[in-house]
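# A predicted structure for the sequence below; I have some questions about it.
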Amino acid sequence: MRDVVSGRLSPRRNVAALAAIALAGSLAMGAKPPPAGGGAAAQVRVNLVGYASTGTKRAYLMSGAAETGATFAVKSGSTTVLSGAVGADLGSWSNSYSHVYAIDFDSLATTGTYTIAASGPAPATSVPFTVGTAAAVHLQPLRNALSYYQVQRDGPNFVPSTLRIAGAHLNDATAMTYTTPSVNRNGGFRGDLSPIGITIDASGGWWDAGDYLKFLHATTYTDSLLLTGVRDFPAQMGAGGAADFTAEAKFGADWILRMWDDPTRTLYYQVGIGGGNGKTVSDHDIWRLPQADDAFGGSDPLYRYIRNRPVFRAGPPGSLISPNLAGRTSAALALAYQVYRTSDPAFANRALTAAAHIFDLANTNPGQLTTAIPFEFYPETEWRDDLELGAVELHKALVAAGGSPPAGLPHTDPAFYLGAAATWANAYITGPNDAADTLNLYDVSGLAHFELDRAMTAAGDPAGLATSHAALRADMKKALDGALAQGATDPFGFGFPWDVWDTTTHGAGLSVMASEYDQLTGTATYAGQADRWLANVLGANAWGLSLIVGTGSNFPKCIQHQLANIAGSLDGTGPVLAGAAVEGPNGGATTGSLSGMRACPANGVDAYAAFNGKTAQFKDNVQSYSNTEPAIDLTATSPLAFARQAAGIR
């Protein structure tokens with residue numbers, strides 16, 4: 001979500017801080033701490049998940065002193081197995097760490113646990129890390145990602161665990177629907193909501209983030225990536241694979257279908273409210289376990305939208321649908337057909353029928369897009385990429401159906417959708433936001449172009465399409481080269497600014513795109529970057545921190561997630577929300593708390609302040625949603641990146 005924080009927009013959903021604005025007016029971006037004093041100890045940063053034996057391997061030496069002539073030794077216990085000269089000075093990170101050096105050790109291919117010791121004017125030794133097969137290194141990260149989505153399940157069909165002991169929001173099964181209210185930038189509205197008089201079963205689905213709201217916008221994006229992984233990487237994410245996502249991805253698709261009434265052609269896009277009207281409590285006003293909501297406050301009308309959450313309609317029956325929602329929703333459901341057409345043909349046929357009907361209602365001359373209430377929570381502006389993805393997945397679904405598609409589809413020739421996908425790809429490439437972003441919630445061209453390129457090849461490259469392999473690949477390369485240019489300004493080579501929102505998911509998304517491009521072209525153009533960009537979010541960064549909870553030996557412990565904060569460990573030694581990708585480093589750290597929030601860290605110490613640099617900060621604190629809040633969309637790129645790495649497709 002985007003919330004208003006001291007006059008600036010911040011693109012995430014902020015459970016506690018929004019309430020602090022409404023109730024106390026006390027929220028403010030934390031001031032950037034001064035750099036640590038001179039003489040800060042040198043550090044060696046590594047990929048905390050580990051390195052694939054056949055992949056590139058880079059660590060970073062951070063130092064306040066020039067390390068000219070320094071050497072490094074890779075050690076197994078006390079035995080040196082590889083040594084060499086510390087590499088180039090990659091630039092300054094901060095006043096305390098004015099030098100960052102590359103330590104490359106690609107030739108180390110023997111499975112084992114190692115440390116790196118750097119010798120020079122400021123010696124330093126890394127934490128232990130592993131080298132192993134690509135499949136072994138990425139096995140637990142994949143399983144963690146699956147666990148995260150299982151914990152995020154809403155409704156009666158929860159997966160029991162140390163964090164989950166009960167179903168939640170059972171009242172969603174008979175939820176009242178409402179028209180979209182006029183709201184301010186925090187989601188507050190005047191008067192009351194206007195019920196439509198129709199109840200639907202909105203139970204199930206995943207909570208969006210550290211709060212308990214559910215959004216079609218984020219869920220369809222998330223499920224599209226998970227379903228792609230299940231389809232394309234069966235040994236990693238499919239039935240019987242290393243981490244079987246088939247049931248979880250179907251759980252997401254089932255909720256998407258609940259948000260669509262096919263007979264009346266009506267789409268619903270949000271469950272719950274993040275802001276109220278001053279007379280009602282909203283999701284962001286309280287800190288609690290999810291199972292408390294169905295009876296929260298007894299019969300007190302103040303809490304009526306906590307107990308009985310509103311469902312918001314995207315428009316009247318049969319009306320045109322915001323093209324971003326139309327595209328990504330049809331993509332997810334068409335992918336569901338591809339994945340489940342054999343195991344559950346009735347479900348798959350429902351999904352494909354809905355996908356085709358939704359795509360046909362896309363408004364291709366939109367004003368402001370529909371994402372969430374308020375729009376500022378998710379201020380998406382690009383939509384052509386969504387229609388490209390929806391069209392190409394509908395094409396692939398009809399190809400998979402062969403001569404037996406579901407009855408009554410508006411279009412049964414796969415070529416119709418291939419042409420539409422090419423048209424929308426060209427519209428994106430020639431449009432106002434071309435290659436301005438990489439794969440994440442706000443831009444799916446990094447997946448859509450890849451899917452379309454392969455679909456064109458499989459179809460025999462029919463004549464007359466509005467785009468070409470060359471154009472699609474050039475556009476992907478344009479985005480990747482932009483990331484390389486960004487990385488050239490950063491001593492860690494990261495392809496996305498460290499001080500901008502959604503850092504973690506962009507790093508994993510870049511790894512996916514780099515791998516896709518090399519797969520399409522049969523080259524290794526970006527293979528090293530696929531490794532390094534993913535490593536950047538897994539500990540090979542200034543903070544020495546994996547930005548995915550429970551994945552790697554050091555990770556955020558104080559995440560802004562109600563369930564994890566109340567029922568989980570606050571020091572990483574007990575149950576954690578494993579697999580959850582957090583926001584990551586940002587331009588500031590937020591503050592603001594609610595009753596019931598467990599203080600974390602307990603001592604209030606900012607353990608990472610000394611490693612902040614340039615304008616980027618990371619604060620491991622439950623109040624700092626700008627750094628520590630996880631979300632389903634933030635996490636979605638990581639299992640796909642891990643699956644690609646595990647399959648050896650870099």
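Right, received. Where do you want to start?

# where are the low-confidence patches of the stretch 1-150 of the chain?
1-39 (pLDDT under 70).

# And the strands in it, which stretches?
Assigned by DSSP state E, counting those that start in this stretch, the stretch 1-150 of the chain shows strands spanning 2-5, 8-11, 29-30, 43-45, 51-52, 58-63, 71-76, 79-85, 99-104, 112-119, 124-125, 129-132.

# Those strands: which one's closest to S626?
Each of the strands of the stretch 1-150 of the chain has some distance to S626 by Cβ to Cβ; the shortest is strand 8-11, at 6.1 Å. Using the backbone N, CA and C atoms, a C-beta is placed for each residue, glycine as well.

# Give me the distance between P575 and G210.
Using Cβ to Cβ, to the nearest Å, P575 is found at 16 Å from G210.

# Show me which of those two is the more surrounded one.
G210 (28 against 16; other Cβ atoms under 10 Å).

# Return the residues in contact with that one.
Listed by Cβ atoms under 8 Å, 6 or more residues apart in numbering, the contact set of G210 reads 13, 15, 559-562, 564, 625, 629-631.

# Please identify which of those is nearest to P310.
Nearest to P310 out of the contacts of G210 is R13 (Cβ to Cβ; 17.0 Å).

# Now do the helices in the stretch 101-250 of the chain.
134-137, 139-151, 216-232, 234-237, 246-258 (DSSP state H, counting those that start in this stretch).

# and the angle for the third one with helix 139-151?
Meaning helix 216-232. Computed with axes from the mean of the first three to the mean of the last three Cα atoms, to 10 degrees, the direction of helix 216-232 lies at 140 degrees from that of helix 139-151.

# Report the buried residues of helix 216-232.
Within helix 216-232, the residues scored as buried using 16 or more other Cβ atoms under 10 Å are 216-232.

# Any figure for the gap between N95 and G64?
8 Å.

# More neighbours: those two, which one.
Legend: neighbour count by other Cβ under 10 Å for N95 and G64, higher for G64 (22 against 14).

# Okay, that one and A52: tell me how far apart.
For G64 relative to A52 (Cβ to Cβ), the value is 32 Å.

# do the same with I196
53 Å.

# Same drill for the two, tell me which one is more crowded.
Ranked by neighbour count (other Cβ under 10 Å), I196 and A52 place A52 first, with 23 against 18.

# Give the bridge partners for the more buried one, please.
Counting by DSSP bridges, A52 is bridged to G132.

# which ones are touching it?
If a contact means Cβ under 8 Å, 6+ apart, then A52 has 131-134, 137-138, 531, 645, 648 as its contacts.

# Then G419?
Taking Cβ under 8 Å, 6+ apart, one finds 464-466 in contact with G419.

# same thing but 7 Å
Residues in contact with G419 (Cβ atoms under 7 Å, 6 or more residues apart in numbering) are L465.

# Could you do N157 as well?
Counting by Cβ under 7 Å, 6+ apart, N157 has contacts G204.

# what ranges do the strands span in the stretch 501-650 of the chain?
589-590.

# quick one: the helices in it?
503-521, 527-536, 562-567, 625-628, 632-646.

# Pick the most deeply packed of those helices.
helix 625-628 (a mean of 31; mean count of other Cβ atoms under 10 Å).

# helices or strands next to that helix in the packing?
On a contact count with 3 or more Cβ pairs under 7 Å, 6 or more residues apart in numbering; DSSP states H and E, helix 625-628 meets helix 15-23, strand 589-590.

# which residues of the stretch 351-500 of the chain score low on pLDDT?
In the stretch 351-500 of the chain (pLDDT under 70), no residue qualifies.

# all strands of it, in order?
Using DSSP E, counting those that start in this stretch, strands in the stretch 351-500 of the chain do not occur.

# Generate TSV for the strands of the stretch 1-150 of the chain, with distance to W383 as supplementary columns.
Listed next are the strands of the stretch 1-150 of the chain as TSV, based on distance: least, Cβ to Cβ, whole Å:
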stretch	distance to W383
strand 2-5	18
strand 8-11	17
strand 29-30	30
strand 43-45	39
strand 51-52	37
strand 58-63	37
strand 71-76	48
strand 79-85	50
strand 99-104	39
strand 112-119	46
strand 124-125	48
strand 129-132	42
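
# Which pLDDT value goes with E248?
E248 is assigned a predicted lDDT (pLDDT) of 98.

# What's the local residue count around it?
25.

# want to throw the helices of the stretch 501-650 of the chain into CSV with distance to R307 and mean pLDDT?
Compiled in CSV, the helices of the stretch 501-650 of the chain are given as follows (distance: least, Cβ to Cβ, whole Å; pLDDT from 0 to 100):
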stretch, distance to R307, mean pLDDT
helix 503-521, 33, 98
helix 527-536, 42, 97
helix 562-567, 17, 98
helix 625-628, 25, 98
helix 632-646, 24, 98
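
# Can you say which of these is nearest to V281?
Evaluated with Cβ to Cβ, those place helix 562-567 nearest to V281, the distance being 14.5 Å.

# Residues contacting that closest one from elsewhere in the structure, which ones?
Applying Cβ under 7 Å, 6+ apart, the external contacts of helix 562-567 come out as 15, 163, 210, 287-290, 576-577, 597-598, 600, 622.

# If we use 6 Å, what do you get?
With contacts defined as Cβ atoms under 6 Å, 6 or more residues apart in numbering, helix 562-567 is touched by 163, 210, 287, 289, 577, 598, 622.

# Adding distance to G507, write those residues out as JSON lines.
Formatted as JSON lines, those follow (distance: Cβ to Cβ, whole Å):
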{"residue": "L163", "distance to G507": "26"}
{"residue": "G210", "distance to G507": "20"}
{"residue": "W287", "distance to G507": "30"}
{"residue": "L289", "distance to G507": "31"}
{"residue": "L577", "distance to G507": "19"}
{"residue": "R598", "distance to G507": "29"}
{"residue": "V622", "distance to G507": "23"}
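
# a markdown table for those, including distance to S119 and pLDDT?
As requested, the contacts of helix 562-567 are exported to a markdown table (distance: Cβ to Cβ, whole Å; pLDDT from 0 to 100):
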| residue | distance to S119 | pLDDT |
| --- | --- | --- |
| L163 | 44 | 97 |
| G210 | 43 | 97 |
| W287 | 49 | 98 |
| L289 | 51 | 98 |
| L577 | 39 | 98 |
| R598 | 43 | 98 |
| V622 | 39 | 98 |
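
# Quick one, which of those are buried?
Buried among these by 16+ other Cβ under 10 Å: 163, 210, 287, 289, 577, 622.

# For G587, give me the backbone phi and psi.
The phi and psi torsions at G587 (degrees, to the nearest 10) take the values phi -80, psi -10.

# Look up the closest residue to it, ignoring the ones flanking it.
Nearest non-adjacent residue to G587, counting by Cβ to Cβ, 6 or more residues apart in numbering: D499, 4.1 Å away.

# Count the residues that sit near the one you found.
17.

# For it, give me its contacts.
Counted by Cβ under 6 Å, 6+ apart, D499 has contacts 587, 615-616.

# could you flag which of those are buried?
Here, 16+ other Cβ under 10 Å leaves 587, 616 buried among the contacts of D499.

# from the contacts of D499, which is closest to V512?
Nearest member of the contacts of D499 to V512, counting by Cβ to Cβ, is A616, at 22.8 Å.

# Understood, closing this out.
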